[in-house]
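Asker: for reference, the sequence and a predicted model appear below.
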Amino acid sequence: MRLHPGETEAVGWRVVTVRDAVRQLREASPDVTGRPRVIAIDGRGGAGKTTLAERLREAVPDSAVVHTDDIAWNHACFDWGAALAENVLQPLHRGESVDFRPTPWITHGRPGSITVPAGADVIWVEGTGIIREELAPWLDASVWLQGDLDEQERLLSVRDGDSPEQREHIADWLREELPFMLREQPWARATLIVAGPPWTAHDRDTELVVAPPTGP
């Protein structure tokens, strides 16, 4: 498996049901009451974060998904932690609903807002860079998606194209992502590691391939 420099390859992979994975994530914060559990889903671009978040949302009644790309939109690659904490995570911890319209949405005329209803069971927050020390007080559990970079880059190319402009965008992104990931080491902080590419035989509708977090 090809990984970025500094990332530790997980070991001890095993196949579990999606329900068992959810149970393990719940058990990481057994004392949560009066508010939803906030569970982060992190990984490189093309790792399958959005797909996994939707699978988990479907598996847990009364759950919802927040995408950090909506916080970061026309703002910054990674410098959005404070905005997410203040406007989304802290209200969720108070048991409140969320209706947040980021400043760049207003400036650039993007309609709508980021909304989360009150009374949800679990909020899945997905996006590259969500597992970080700055946000640790607001996260009850977390998932790191680990996969082969060659496969992730292929999927990104299929999804976003391979134009010179896109290649420049990826190069600019990596200049920020690589030092950020080396500093935060989300694969070591995560409650659970999930395999990105389906390299181990399993039922993709009902099962996940998981491993314990890796050390630094």
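Answerer: Perfect, I can see it now.
Asker: residue 182 and residue 72, how far apart?
Answerer: Per C-beta to C-beta, to the nearest Å, residue 182 is found 20 Å from residue 72. C-beta: built from backbone N, CA, C; applies to glycine.
Asker: between these two, which one's more packed in?
Answerer: Using other C-beta atoms under 10 Å, the more surrounded residue of residue 182 and residue 72 is residue 72, with 20 against 12.
Asker: skipping adjacent residues, who's closest to the more buried one in space?
Answerer: Closest residue to residue 72 apart from its sequence neighbours, by C-beta to C-beta, 6 or more residues apart in numbering: residue 80 at 4.8 Å.
Asker: repeat for residue 150
Answerer: residue 2 (5.6 Å).
Asker: residues contacting that neighbour?
Answerer: Counting by C-beta atoms under 8 Å, 6 or more residues apart in numbering, residue 2 touches 148-150.
Asker: and residue 38, helix, strand or coil?
Answerer: Look at residue 38: counting by DSSP: H, G, I helix; E, B strand; the rest coil, its state is strand.
Asker: burial of it, as a residue count?
Answerer: Residue 38 has 23 neighbours, counted by other C-beta under 10 Å.
Asker: tell me how far it lies from residue 87.
Answerer: Counting by C-beta to C-beta, the gap from residue 38 to residue 87 is 14 Å.
Asker: in the protein, which spans are helices?
Answerer: Counting by DSSP state H, the chain has helices at residues 18-27, 49-59, 68-72, 81-84, 90-93, 103-107, 149-160, 164-184, 186-189.
Asker: now distance to residue 132 too, for those, in JSON lines please.
Answerer: Converted to JSON lines, those look like this (distance: least, C-beta to C-beta, whole Å):
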{"stretch": "helix 18-27", "distance to residue 132": "18"}
{"stretch": "helix 49-59", "distance to residue 132": "15"}
{"stretch": "helix 68-72", "distance to residue 132": "11"}
{"stretch": "helix 81-84", "distance to residue 132": "6"}
{"stretch": "helix 90-93", "distance to residue 132": "16"}
{"stretch": "helix 103-107", "distance to residue 132": "21"}
{"stretch": "helix 149-160", "distance to residue 132": "20"}
{"stretch": "helix 164-184", "distance to residue 132": "5"}
{"stretch": "helix 186-189", "distance to residue 132": "7"}
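Asker: for those helices, which has the smallest mean pLDDT value?
Answerer: Comparing mean pLDDT across those, the weakest is helix 149-160, with a mean of 68.
Asker: distance-wise, check the most far-flung residue of the chain relative to its centre relative to residue 27.
Answerer: Distance to the chain centre peaks in the chain at residue 164, reaching 27.4 Å (criterion: C-alpha atoms, centre = their mean). Residue 164 is 48 Å from residue 27, where distance means C-beta to C-beta.
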